[in-house]
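In: 3D, please:
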Amino acid sequence: MAFRDVMTEYMELLHCNGKELAKHSGLSPSVISRYRAGERAPGHDSEQLHKLARGFASIACQAHRDDVTEESVYLALAETLPRSDFNFELMTNNLNELISVLNLNLNELARHISYDASYISRIRAGQRRPSDPNAFVDGVCQFVIRRRVRSSDKVAVASILGITPADIEDERAYYTKLKNWLYKGASLKTDHINTFLTKLDDFDLNEYIRSIKFDKLKVPTVPFQFSTSKNYYGIEQMKEGELDFFKATVLSRSKETVFMCSNMEMKDMAEDIDFGKKWMFAIAMTLKKGLHLDIIHNLDRPFNEMMLGLESWIPIYMTGQISPYYLTNDSGNILCHLDYVSGAAALSGECISGAHGRGKYHLTKNKDEVAYYRAKSQLLLKKAQPLMKIFRQNSEKAYRSFISSDAATEGTRHGILSSPPLYTLGSDLLESILTRCNTPATDTKAILEYAQWLRTTTMSVLENNTVFDEIPQVSEEEFAAQPVVLSLGGAFIENDIYYNYDEYIEHLNQTKLFAAEHPNYTAQFSIPRTFSHIQIIMHEGSWVMISKSKSPAIHFVIRHPKLREALENFVVPVTE
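Out: Below is the predicted model of the structure:
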């Protein structure tokens, strides 16, 4: 009998549903759902299996079923699972990261290791297990070592192994380290995601503007003079070419949107700190002029580099003047290219991968050439997907429209929250908090209206879908040191409105009551309070929204598969 069948038998015996089992076991409803569907199974001696057995035993105790014990449930479930010290779930996570980082072609991999490509897809999804794990992992390692031999591939692999490329120069060392990592290596994704989210939580746009003196920048009006076109050869000249493009753009009268797309290598230019400062200053001047930027990011790079790139761009995204995109198909790893175009000039560039120093840029202000590159940019944008949708206060209607329309679509919702959700807060308590805090009448009206809209929208979601929220429950001492604020990011109210401790406890109690009254809603308490001003809401398999409540109030809706999956798998770090 299969694992899911035994699990179903116990649920029928004890007359319990997935929500109840999740509550008693401490596992999320989505994990329970995957177990029941046969999409995933815990390891033979895993903590998840022990939690599941304890959950069934707890339900049996309440039902006065002395014949169902933790030990008997554990043994019955464990008998359906392979007895091995092989951590299949860890290997699957690492395999997925390796495939994602290197953009491995599954059909090529399948042919190399004599597997069906669809079977590998099921292994990746946790739906199937290789009959011989050692041979499977060995085949994957041999494929990577023999088929992905570019220096950039080794850099990417070294980054996820947490070592330097020099450590895997020797093929035997490469094989050993990669295989060990696939078997038992810890993924670095969670650390990168946590660093990214922590920086976002702490970020204050107003402080950032003051630190770079953005508010004091003056846009010059003297035109930038250069011949109709100009060529730039080699790294140093290409740096000059990029800065010349921004000069021509900022000093022109044009208000056209600026388009940027490049998969040129970054390392050579990134090492020049002085150039980096000048380049960011050029971007700041472009924004100061009021120009909008359409940027197609190159995400065909190691995960840590992608996250570092996002960290550097997030402050600029918060201006509301950036529309970020990415290309879903590999645009080619041999010929690298760059295309920048504004209303005044166009910069095009190319180089062979691994030979950045022999590349060339061409800058032009010829109207026909600029028009050609503008048309090219529009064609590229049609091929691109939005990296994220960004909602600020000026797009509040669009934000609500997005949330309302999504409420009718199927899928599990999962929230990692910094304070209890507003939709579980009773209107009487909310009004009392707003009155005690002397909230201005206009803000009070907006908050009450938003809270009612959010309750209605959430009820619509709960009609046919499950919602699982992770909510920190802080002690009175922790609360005194750092009070909890109302979650008002969706109302775009940036003034902190603090609970007092009694109000906070009452809201937690109302959330527990809400969970008891709505079978499709589950709240998990007593997790660490990692963040103060951000919430993470996931529509699993569809999108992840990172919402920041102040400095500024902003929402990033992310659909890019690699980043979305990393956020969905994010585990809040526990600190002692």
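In: buried residues in the lengthiest helix in the chain, which are they?
Out: The helix that spans the most residues within the chain, counting by DSSP state H, is helix 441-462. Along helix 441-462, the positions that meet the burial threshold by neighbour count (16 or more other Cβ atoms under 10 Å) are 443-444, 446-448, 450-451, 453-455, 457-458, 461-462. Yep, even glycine has a C-beta here, placed from its N, CA and C like the rest.
In: now do stretch 342-352
Out: Using 16+ other Cβ under 10 Å as the test for burial, stretch 342-352 gives 342, 343, 344, 345, 346, 347, 348, 349, 351.
In: outline the domain layout of the protein.
Out: 3-78, 88-187, 218-386, 393-568 (automatic domain parsing).
In: show me the one of these that comes nearest residue 208.
Out: Taking Cβ to Cβ as the criterion, domain 218-386 is the member of those that comes nearest to residue 208, at 5.2 Å.
In: now the closest one, how far from the centre of its chain.
Out: Its chain's average C-alpha position is 24 Å from that of domain 218-386, according to Cα atoms, centre = their mean, to the nearest Å.
In: quick one: average pLDDT of that domain?
Out: The average pLDDT for domain 218-386 rounds to 87.
In: excluding its backbone neighbours, what's nearest residue 175?
Out: Counting by Cβ to Cβ, 6 or more residues apart in numbering, residue 141 is the residue found nearest to residue 175 once chain neighbours are left out, at 5.4 Å.
In: which strands or helices does the helix or strand where the one you found lies pack on?
Out: Assessed by DSSP states H and E, residue 141 sits inside helix 133-147. Contact partners of helix 133-147 among helices and strands, from 3 or more Cβ pairs under 8 Å, 6 or more residues apart in numbering; DSSP states H and E: helix 88-102, helix 106-113, helix 171-184.
In: what are the buried residues along the helix or strand just after that helix?
Out: Next along the chain after helix 133-147, taking DSSP H and E as the criterion, comes helix 151-161. Buried residues in helix 151-161, counting neighbours by 16+ other Cβ under 10 Å, are found at 152, 153, 154, 155, 156, 157, 158, 159, 160, 161.
In: now stretch 127-140
Out: Per 16+ other Cβ under 10 Å, stretch 127-140 contains these buried residues: 127, 129, 130, 133, 136, 137, 139, 140.
In: ok, which pair from the residues you listed is furthest apart?
Out: If you compare every pair in the buried residues of stretch 127-140 using Cβ to Cβ, the most distant one turns out to be 127 and 139, at 19.3 Å.
In: what about residue 385, neighbour count?
Out: Number of residues near residue 385 (other Cβ atoms under 10 Å) recorded here: 12.
In: now residue 468
Out: The number of residues packed near residue 468 is 23, by other Cβ under 10 Å.
In: just checking, what packs against the host helix or strand of it?
Out: Per DSSP H and E, residue 468 falls inside strand 467-472. Taking 3+ Cβ pairs under 8 Å, 6+ apart as the contact definition, the neighbouring helices and strands of strand 467-472 are strand 413-416, helix 501-517, strand 521-527.
In: tell me the strands beside that strand, with direction?
Out: strand 413-416 (parallel), strand 521-527 (parallel) (DSSP bridges).
In: with just CA atoms, put the helix or strand following it into CSV.
Out: Per DSSP H and E, the first helix or strand lying C-terminal to strand 467-472 is helix 476-481. C-alpha atoms of helix 476-481 as CSV (Å, rounded to 0.1, in the frame of the first residue of the first chain):
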residue,chain,number,x,y,z
GLU,A,476,5.3,41.1,26.5
GLU,A,477,9.0,41.8,27.0
GLU,A,478,9.7,41.6,23.3
PHE,A,479,6.7,43.8,22.6
ALA,A,480,7.9,46.5,25.0
ALA,A,481,11.3,46.5,23.3
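In: residues making contact with helix 476-481?
Out: Residues external to helix 476-481 that are found in contact with it (Cβ atoms under 8 Å, 6 or more residues apart in numbering): 501, 504, 529.
In: now do the phi/psi pair for the last one.
Out: The phi and psi torsions at residue 529 (degrees, to the nearest 10) take the values phi -90, psi 90.
In: can you list the low-confidence ranges for the stretch 401-550 of the chain?
Out: In the predicted model of the stretch 401-550 of the chain, residues 527 satisfy pLDDT under 70.
In: farthest-apart pair in the buried residues of stretch 342-352, please.
Out: Of all pairs drawn from the buried residues of stretch 342-352, the greatest distance, 26.6 Å, lies between 343 and 351 (Cβ to Cβ).
In: could you dump the helices and strands packed on strand 467-472 into a markdown table with mean neighbour count added?
Out: A markdown table is the format used below for the helices and strands packed on strand 467-472 (neighbours: other Cβ atoms under 10 Å):
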| stretch | mean neighbour count |
| --- | --- |
| strand 413-416 | 21 |
| helix 501-517 | 16 |
| strand 521-527 | 17 |
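In: make TSV out of those and add distance to residue 236.
Out: Shown next, in TSV, are the helices and strands packed on strand 467-472 (distance: least, Cβ to Cβ, whole Å):
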stretch	distance to residue 236
strand 413-416	46
helix 501-517	58
strand 521-527	51
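In: any idea which of these gets closest to residue 181?
Out: strand 413-416 (27.3 Å).
In: helix, strand or coil: sort out residue 420 for me.
Out: Residue 420 carries the three-state label coil when classified by DSSP: H, G, I helix; E, B strand; the rest coil.
In: and the closest residue to it other than its chain neighbours, how far from residue 426?
Out: Distances taken as Cβ to Cβ, 6+ apart place residue 507 nearest to residue 420, at 4.7 Å, with adjacent residues excluded. According to Cβ to Cβ, to the nearest Å, residue 507 and residue 426 sit 9 Å apart.
In: and for residue 31, the neighbour number?
Out: Summarising burial for residue 31: neighbours were counted as other Cβ under 10 Å, giving 18.
In: ok, now the one 5 residues further on?
Out: Applying other Cβ under 10 Å, we find 17 other residues in the vicinity of residue 36.
In: how about the nearest residue to it, chain neighbours excluded?
Out: Here the nearest residue to residue 36 in space, its sequence neighbours aside, is residue 4; by Cβ to Cβ, 6+ apart that works out to 5.8 Å.
In: that neighbour against residue 37, yeah?
Out: Yes. In terms of Cβ atoms under 8 Å, residue 4 counts as a neighbour of residue 37; the distance is 7.0 Å.
In: and the two? Which one has more around it.
Out: residue 4 (17 against 10).
In: on that earlier part again, residue 489 is nearest to which of the helices and strands packed on strand 467-472?
Out: It is, among the helices and strands packed on strand 467-472 and with distance given as Cβ to Cβ, strand 413-416, at 12.4 Å.
In: which non-adjacent residue is nearest residue 341?
Out: If you skip the residues right next to it in sequence, residue 341 has residue 373 as its closest partner in space, 4.2 Å away by Cβ to Cβ, 6+ apart.
In: just checking, the one you found touches residue 349?
Out: No. Under the criterion of Cβ under 8 Å, residue 373 lies out of contact with residue 349, with a separation of 11.6 Å.
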